[in-house]
Structures are given as structure tokens and as C-alpha cells.
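Student: mind looking at a prediction? Sequence and model below.
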Amino acid sequence: MESRGIKHVHVYCVDNILVKMADPVFIGFCMAKGARCGAKILTEMTPLEISNDKTFIVYTYDDKSQDHQAQEEQLAHHVAKKKIPYVGENLETIKPSSPNGIKMEKFVFDVFHFASAKKEKGSGDNQKDADEENGIVCEISPLVSYAGEGLEDLVKEKSFVSPLYLEQGPSDEKPVVRQGERS
């Protein structure tokens, strides 16, 4: 990468729907602070709090006190019930329909800004279930809008049928709204 002039890489969890790809504010902040690695995290006052106050800090391993390092050892294990495939008597792979094992996880994932893109139907996420039942699909090209900016004139007082794709038009033309199949 160095020989190709690549100085920065953005890595993220593919299942995280809240990720802003190549987030210029966050990457610029990390660059300005000289951070070799950065991760957005949230500090919550209660387990149910949703926070997004846009306050940025850099915290590196160099900043950790011995007390913080000792506290990491005290992180609680999360018990995850898993459907673990296994090899049957005839050497076939068996994929169980219900959990048949547990996985002891010790992560700090509770502090990361995250929303799963893989919520199963019937999981209790009523909005996701309703969206799937109603066939609501909308994809907005990052060439049209990175964070929702500039969409008002495109959609104001208009009705759409899903699936819906907002794409950049040829050259510098204004964005194109496509309904139905993706181009």
C-alpha cells in the first residue's frame, strides 16, 4: 500500500448499518491527532440511552493507566447461545435448527456505535418486520448524498414506489430517481 501512496485505510464491520463509509470528519480528526487507529464509541449514562452528541476524543493504548489495563481483565463474559454446525455419523455437515452450544464472548462491543443490518424477521424489531412486509426498499448512492444533505429538493412533495434508487446522473446532471429494477 505504501508503494501505491495509500496512507489511510477505513475498516468497518460490514453488519453495521450506522457506518459512514470513509467518514471525512472522523478520518480527518484521526489524522489531525496523529492516531494510527481510531474507532467511534459511545459513552452511555444508562443501558437504554441512545447518544449521538458528536463529541470526538482519541484514546490510545498509550493513554491507558495500569488501573484501566487491570479493569480489562474484569470484563464480563457474554454467554451467546449458538447454532453450531457439526459433523454427523456419516460425515455430513449438520446445521441445527436450535441452539446446541454456547460461546463465551469477552468483547467491548457494548460501547461501539452499532446497529445491526441483519435483524431477523420476527426478532422483535417491529419497524424492520413492517418494512419487510411492505417491501420498503430505498438505496441512495453516496454520489447523490453522503449523509442526507441535498435530498429535500429531490423528494419534496413527491410519492415513490419501492424499490427506489437515487443515483447520480451522467456527468454533472442532477440525480436520477429510478423506481423498480436497479440500473
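Tutor: Arrived safely. Keep in mind that what you see is a predicted model, and the values were worked out from it rather than measured.
Student: what is the neighbour count of the closest residue in space to G150 that isn't next to it in sequence?
Tutor: Of all residues not flanking G150 in the chain, V144 sits nearest, at 7.4 Å (Cβ to Cβ, 6 or more residues apart in numbering). Any C-beta I mention is one placed from the backbone N, CA and C, and that applies to glycine too. Per other Cβ atoms under 10 Å, the neighbour tally for V144 reads 20.
Student: three-state assignment of V144?
Tutor: coil (DSSP: H, G, I helix; E, B strand; the rest coil).
Student: and it, what pLDDT?
Tutor: Listed pLDDT for V144 reads 87.
Student: go on, A76?
Tutor: So A76 comes in at 67 (pLDDT).
Student: returning to what we had before: and the residue nearest to G150, what does it touch?
Tutor: With contacts taken as Cβ atoms under 8 Å, 6 or more residues apart in numbering, V144 has the following neighbours: G150, L151, L154, L166, E167, Q168, P175.
Student: tell me which of the residues you listed fall in strands.
Tutor: Counted as lying in strands by DSSP state E, out of those, are L166, E167.
Student: out of the contacts of V144, which are buried?
Tutor: Buried members of these, counted by 16 or more other Cβ atoms under 10 Å: L166, P175.
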